[in-house]
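> fold the following, please.
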Amino acid sequence: MCGIVGVVSHQPVNQILYDALLLLQHRGQDAAGIATNHSSMFSMHKANGLVRDVFRTRNMRSLQGNSGIGHCRYPTAGSSSEEEAQPFYVNAPFGITLAHNGNLTNWEQLKQDMFLNDRRHINTDSDSEVLLNVLAHEIQTATTGLMLDPDAIFKAVTVLHRRVKGGYAAVAQIAGVGLLAFRDPNGIRPLCLGINETEQGNEYLIASESVALEGMGFRFVRDVAPGEAIFIDADKQLHSRQCADNPKLNPCVFEFVYLARPDSVIDGASVYATRLKMGEYLADKIKREIPEGEIDVVMPIPDSSRPAAIQLALRLGVEYREGFIKNRYIGRTFIMPGQAARKKSVRQKLNAIPHEFKGKNVLLVDDSIVRGTTSREIVQMARDSGAKKVIFASAAPPVIYPNVYGIDMPTRDELIAYGRTTEEVCKEITADYLVYQDIDALKKSISDVNPALTEFEASCFDGIYITGDVSPDYLDKLEHARHNPKKPVAEDTARTQLNLNAATTEG
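I've put the predicted structure just below:
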């Protein structure tokens, strides 16, 4: 769930990149970075922290050039070390920087292949560095002579799509050549293109969400298609090509539920409008499952559930109230590293208004329930504030599987709904009633807004991994690594295998 941005302008781009990253800050608060290109030279600054904390005036002055890329991160693979902040850089061929949103499901195998076959060294445990090196290798393979043309770039991306599995959107700079952006063949992670028409000529901005384009004064042109690559050359001419063999659009439903800003439009669907629809369908289910007259007031768990809660209250004909006030300077709790830290942060993040709860049957609406830590604390806060009954509703279905395509979902045994019925989860979070959105209703909430969207990546709800390479064994291995963190030994294994191969050949 990172945020990426790339821009080609007639003016210095450091301020544009900084401001665009601020608009994408909700997609990652762990680290931030910017890399610019000037006279075939890269300037880069990156570090752990929020965008506003990473960049100082001296850093901005050093980021010279009229094209560049930016990234804000929370980690889904590797660690949260500063070394793994993005963008990443490789010096051959030509010199390339890359920023990536998503997760590669076969990155460990690719890392071994990089060493054994491509003779490339991966210095971190980040799948983004693997993606960069795959791109670099394929560009080098596709290039003939000293010049790099769009055909060679698109050929490289075509081979990359065949080698790489997972969900990914990326922006990359090739020194002195141009800016490249591409999206995975399943269209899991979002990416969109904007244009600014000036007297000097067109300027282009590519970003994870449309809000970054509009906030910077760029006109939204379109979403980048699944499998498509866009290349903007040194003369600011835009080239595009479909580079996947069998592209299909399967946007991640969790973008609409929780990740994206409500004022963004993803693949032709307004995030805000889809959340309103989620509220309508959830209200219909509540009517079927909760006795009439049991709900006195509807309250959202701020902020992402607010549109659903408003529409739900309207459809039920029940009073809507804001019962919790949010401290906006506390990070997202489901990606915090420890259970104690998450539990403590809930009380720091939300504060109840007691007179809105006292003596009432309260329906609390949240966007989703992941670990249940937040939900349990919120139910208790409502009771402590005088609520007579606490009914809990989730605008998303039960989260019962990990997400492996770029969202840092916990392991199955940490997911409160895994192996439990709705009644058991209700008991765990100490609510009087619990209502989950149905998976079909969630998907319909999005397709109602854009009927062209008919297929989705919803693996954390339905366990269907559309890349076809995620097995129970894969999940077991992933969870073992999460419970037993240690330095991966992929490269050591590769070196051992290489030595064995050499010994066999010599023998």
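
> per-residue pLDDT, the nearest residue to residue 121 once chain neighbours are set aside?
Spatially, and ignoring its direct neighbours in sequence, residue 121 is nearest to residue 115 (6.9 Å; CB to CB, 6 or more residues apart in numbering). In short, each C-beta sits where N, CA and C put it, glycine included. Per-residue pLDDT puts residue 115 at 88.

> so which elements touch the one helix or strand residue 115 maps to?
In this assignment (DSSP states H and E), residue 115 forms part of helix 107-116. Secondary-structure packing of helix 107-116 (3 or more CB pairs under 8 Å, 6 or more residues apart in numbering; DSSP states H and E): helix 127-142, helix 490-506.

> quick check: buried residues in that helix?
107-108, 110-116 (16 or more other CB atoms under 10 Å).

> after the longest helix along the chain comes which helix or strand?
Longest helix in the chain by number of residues (criterion: DSSP state H): helix 271-289. Past helix 271-289, further along toward the C-terminus, the next helix or strand under DSSP H and E is strand 297-300.

> mind listing the strands that next one pairs with, and their directions?
Here strand 297-300 is paired, per DSSP bridges, with strand 319-320 (parallel), strand 361-366 (parallel).

> after the last one comes which helix or strand?
Sequence-wise, the next helix or strand downstream of strand 361-366 (DSSP H and E) is helix 373-384.

> circling back to that earlier point, deepest in the core, which of the strands paired with strand 297-300 is it.
Mean neighbour count, computed with mean count of other CB atoms under 10 Å, is highest for strand 361-366 among the strands paired with strand 297-300, reaching a mean of 25.

> just the CA atoms of it, as PDB, please.
Extracted in PDB, the C-alpha atoms of strand 361-366 (Å, rounded to 0.1, in the frame of the first residue of the first chain):
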ATOM      1  CA  ASN A 361     -28.500   1.500  21.500                       C
ATOM      2  CA  VAL A 362     -25.600   2.500  19.300                       C
ATOM      3  CA  LEU A 363     -24.800   1.100  15.800                       C
ATOM      4  CA  LEU A 364     -21.000   1.500  15.200                       C
ATOM      5  CA  VAL A 365     -20.000   1.300  11.500                       C
ATOM      6  CA  ASP A 366     -16.400   0.500  10.600                       C
END
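
> mean confidence for that strand?
On average, strand 361-366 scores 98.

> which residues make contact with it from outside it?
Residues from elsewhere that reach strand 361-366, judged by CB atoms under 8 Å, 6 or more residues apart in numbering: 279, 282, 286, 294-301, 305, 308-309, 312, 318, 323, 374-375, 378-379, 382, 387-395.

> whichever of the residues you listed end up buried, select them in PyMOL.
Those of the contacts of strand 361-366 that count as buried under 16+ other CB under 10 Å are selected in PyMOL with:
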select buried, resi 279+282+286+295+296+297+298+299+300+301+305+308+309+312+318+323+374+375+378+379+382+387+389+390+391+392+393+394+395
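
> any weak-confidence spans in the protein?
75-80, 329-345, 410, 485-507 (pLDDT under 70).

> distance of the spatially most central residue of it from residue 283?
Nearest to the mean C-alpha position of the chain, counting by CA atoms, centre = their mean, stands residue 1 at 2.0 Å. Distance of residue 1 to residue 283, computed by CB to CB, to the nearest Å: 28 Å.

> now the helix holding residue 115 and helix 127-142, what's the angle there?
40 degrees (axes from the mean of the first three to the mean of the last three CA atoms, to 10 degrees).

> and residue 228, bridged to which residues?
With DSSP bridges as the rule, residue 228 is bridged to residue 242.

> my guess is the residue nearest to the centre of the chain meets residue 28, correct?
Yes. Contact criterion CB atoms under 8 Å: residue 1 and residue 28 qualify, at 6.2 Å.

> so what sits against both of those two?
What both residue 1 and residue 28 touch, as defined by CB under 8 Å, 6+ apart, is the set residue 74.

> what about residue 12, is that helix, strand or coil?
coil (DSSP: H, G, I helix; E, B strand; the rest coil).

> for it, the count of nearby residues, please.
For residue 12, the neighbour count with other CB atoms under 10 Å is 17.
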